[in-house]
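Q: Can you look at this prediction? I've put the sequence above it.
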There are 2 protein chains.
Amino acid sequence: MPQTITAQDYLKELFQLQQRSEEGVPIPMGRVAEAVGVTPGTATTMVKRFAGEGLMRYTPRRGVRLTAKGEKIALGVLRRHRIVETFLVQHLGLDWSEVHAEAEVLEHAVSEKVLDRLDELLGHPTSDPHGSPIPPANGKMRRVAMRPLSRCKAGQRVTIGRLLDTAPGFLKLAETLGLLPDTAVRVVDVSEEADAVTLQIGKRKPVTLGLTAADKIHVYEG
Amino acid sequence: MPQTITAQDYLKELFQLQQRSEEGVPIPMGRVAEAVGVTPGTATTMVKRFAGEGLMRYTPRRGVRLTAKGEKIALGVLRRHRIVETFLVQHLGLDWSEVHAEAEVLEHAVSEKVLDRLDELLGHPTSDPHGSPIPPANGKMRRVAMRPLSRCKAGQRVTIGRLLDTAPGFLKLAETLGLLPDTAVRVVDVSEEADAVTLQIGKRKPVTLGLTAADKIHVYEG
DNA sequence: GTCCTTATTTTGAATATTCAAAGAGTTTTG
DNA sequence: CAAAACTCTTTGAATATTCAAAATAAGGAC
């Protein structure tokens, strides 16, 4: 089990892609490639290798899923990443918007022992500065339940997971508004009567969507 | 200038080898290979490459020296390494005898920004837990006049400055004997014939070390 | 000076990872 | 359903780094 950095990256990204897709549906290689930041050809090669090592289950032209073994390792990597992020913000005073890149590198350099000390120093946090849950030392992480924006309450801070419509018009609109997966949004208002949801991304001007559209945007806590 | 991790390791090790050899004398490839932990053939290949990049000056069958440029980079790496070590001991409470290995990995993962914050958090330390000087952010490092215990004379009173071995076993021993940096010791006897040095710390029972071990403990007057 | 020992260099091959570009398979569209 | 548009896979090649083993050079012994 040569736990290379590359393998950890693939596992981590794949895990996160799985989190926001239907249970059991394979992730297409294009998505994996994009998430990891390589060309599709590279992703195919690597995924086949990892499948051979029992970390993933790969079906040509359909996609890939993590095995239980792969998932376990992925959780460990995510734990490292998020604990490091939390430390960088809370103890070194870095800006929460910039710690991701730092953690991306550090997560592969922190030993188990150092990680434990950091965890302790931070008081065993359960979520990182972005609100994402920190997987416990050993064991599964709670499955993040996603729900449509239309069922959120005013004031909640959520992250966009999926866009459940493939119509170009809709996707263009979402892009224009900045409503892309992985974007953190704050629900300003949800009103049945007005048939509308108002959101705010960062410090931008709030945007308003109809409930029908909001139904097709799924979000998760964090 | 692809500043790879490997290059940094070669630079750092070579710098340290130079520190304990005559001024200007090239370091033979065998020493470099051993320090970096590769076979001699590998060291030759790599050193030639780095020489081509202007980081080292290489003379076949004689050895290698850092150029000014290589030295500057080496100092930066050393600075990272030692600040990380200091942090691990002072803030995470790791044992000083085991932080070397951790820092060996982390030194390559810490960004300039994180390094600065750590330095600040630690109050700009000037030496690490092993007594080795931490190079300042930019500029040369002071050349501390120290000599190995093996070259002291009986009767001298000196202070332990640095421990020049990174093996946890050696460091543990030093700790057990009370031979930590900043400790004042009296040299009771130095004998080439017996291959031994005898020391006394305060009013404790004298301890005796072999010359090889005494070579790795550097002291200064006072 | 020739021989032996030891240090160094060269050579050839392997690892892990990557990309670009060509080829094959699906899906969408009219 | 045929053509067009995508997506995915394959192929060939490149990168950086490494080792093992063979070849070579230097320094001493006698």
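A: That came in fine, so what should we check first? Remember, predicted model here, so these are calculated numbers, not experimental data.

Q: what element comes up after the longest helix seen in chain A heading to the C-terminus?
A: Ranked by number of residues, the top helix in chain A under DSSP state H is helix A:68-90. Sequence order places helix A:99-106 as the next helix or strand after helix A:68-90, per DSSP states H and E.

Q: which parts of that following helix are buried?
A: For helix A:99-106, the neighbour count (16 or more other Cβ atoms under 10 Å in any protein chain shown) marks A:99, A:102-103, A:106 as buried. For the C-beta atoms, the positions are set from N, CA and C on the backbone; glycine is no exception.

Q: got it, and stretch A:12-29?
A: A:12-18, A:20-21, A:26-29.

Q: With DNA strand C in mind, check whether that stretch reaches it.
A: No: against DNA strand C, stretch A:12-29 shows no contacts by Cβ under 7 Å from any atom of the strand, the least distance being 10.1 Å.

Q: distance between that stretch and the chain's centre?
A: 10 Å (Cα atoms, centre = their mean, to the nearest Å).

Q: For chain B, tell me whether it is touching it.
A: No: using Cβ under 8 Å from any Cβ of the partner chain, stretch A:12-29 never reaches chain B; the gap is at least 15.9 Å.

Q: Can you check the distance spanned by that stretch, start to finish?
A: This stretch, stretch A:12-29, spans 15 Å end to end (Cα to Cα, to the nearest Å).

Q: Enumerate the residues of chain A near chain B.
A: Counting by Cβ under 8 Å from any Cβ, chain A sits next to chain B at A:88, A:91-94, A:102, A:105-106, A:108-111, A:113-114, A:117-118, A:121.

Q: Repeat the analysis, applying 10 Å as the threshold.
A: Taking Cβ under 10 Å from any Cβ of the partner chain as the contact definition, chain A meets chain B at A:84, A:88, A:91-95, A:98-99, A:101-111, A:113-114, A:116-118, A:120-121.

Q: Farthest out from the centre of chain A, which residue is that? Tell me.
A: In chain A, A:E193 marks the outermost C-alpha relative to the chain mean, sitting 32.6 Å out by Cα atoms, centre = their mean.

Q: returning to that earlier point: where does confidence bottom out across the buried residues of helix A:99-106?
A: Lowest pLDDT of the buried residues of helix A:99-106: A:V99, 80.

Q: Skip the chain neighbours and tell me the closest residue to the closest residue to chain B within chain A.
A: Scanning chain A for proximity to chain B using Cβ to the nearest Cβ identifies A:A109 as nearest, at 3.6 Å. Computed as Cβ to Cβ, 6 or more residues apart in numbering or on different chains, the closest residue to A:A109 that is not its neighbour in sequence is B:A109, at 3.6 Å.

Q: can you confirm the one you found is in a helix?
A: No: going by DSSP: H, G, I helix; E, B strand; the rest coil, the assignment for B:A109 is coil, not a helix.

Q: Can you give me the distance of it to B:L173?
A: 30 Å (Cβ to Cβ, to the nearest Å).

Q: Name the residue in those two with the higher neighbour count.
A: Ranked by neighbour count (other Cβ atoms under 10 Å in any protein chain shown), B:A109 and B:L173 place B:A109 first, with 20 against 15.

Q: Assess the claim that the more buried one and A:A101 are in contact.
A: No: if you go by Cβ atoms under 10 Å, B:A109 and A:A101 don't touch, sitting 11.6 Å apart.

Q: ok, now how distant is the residue nearest to A:S150 when sequence neighbours are not counted from A:E192?
A: Distance criterion Cβ to Cβ, 6+ apart; nearest residue to A:S150, sequence neighbours excluded, is A:A214 at 4.2 Å. Between A:A214 and A:E192 the distance is 11 Å, computed by Cβ to Cβ.

Q: which residues of chain A score low on pLDDT?
A: Applying pLDDT under 70 to chain A flags residues A:1-2, A:96-97, A:130-131, A:139, A:142-144, A:162-172, A:181.

Q: residue ranges of the strands in it, please?
A: Assigned by DSSP state E, the strands in chain A fall at A:56-59, A:63-66, A:146-148, A:157-163, A:184-191, A:196-200, A:207-210, A:217-221.

Q: In CSV, list these along with mean neighbour count.
A: CSV is the format used below for the strands of chain A (neighbours: other Cβ atoms under 10 Å in any protein chain shown):
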stretch, mean neighbour count
strand A:56-59, 18
strand A:63-66, 23
strand A:146-148, 16
strand A:157-163, 19
strand A:184-191, 17
strand A:196-200, 20
strand A:207-210, 16
strand A:217-221, 22
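
Q: Out of those, which is closest to DNA strand D?
A: For DNA strand D, the closest of the strands of chain A is strand A:63-66, at 6.2 Å, according to Cβ to the nearest atom of the strand.

Q: hey, C-alpha coordinates of the closest one in PDB?
A: What follows is strand A:63-66, C-alpha atoms only, in PDB (Å, rounded to 0.1, in the frame of the first residue of the first chain):
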ATOM      1  CA  GLY A  63     -17.200   6.100 -14.000                       C
ATOM      2  CA  VAL A  64     -15.700   5.300 -10.600                       C
ATOM      3  CA  ARG A  65     -16.700   4.900  -6.900                       C
ATOM      4  CA  LEU A  66     -14.700   4.400  -3.800                       C
END
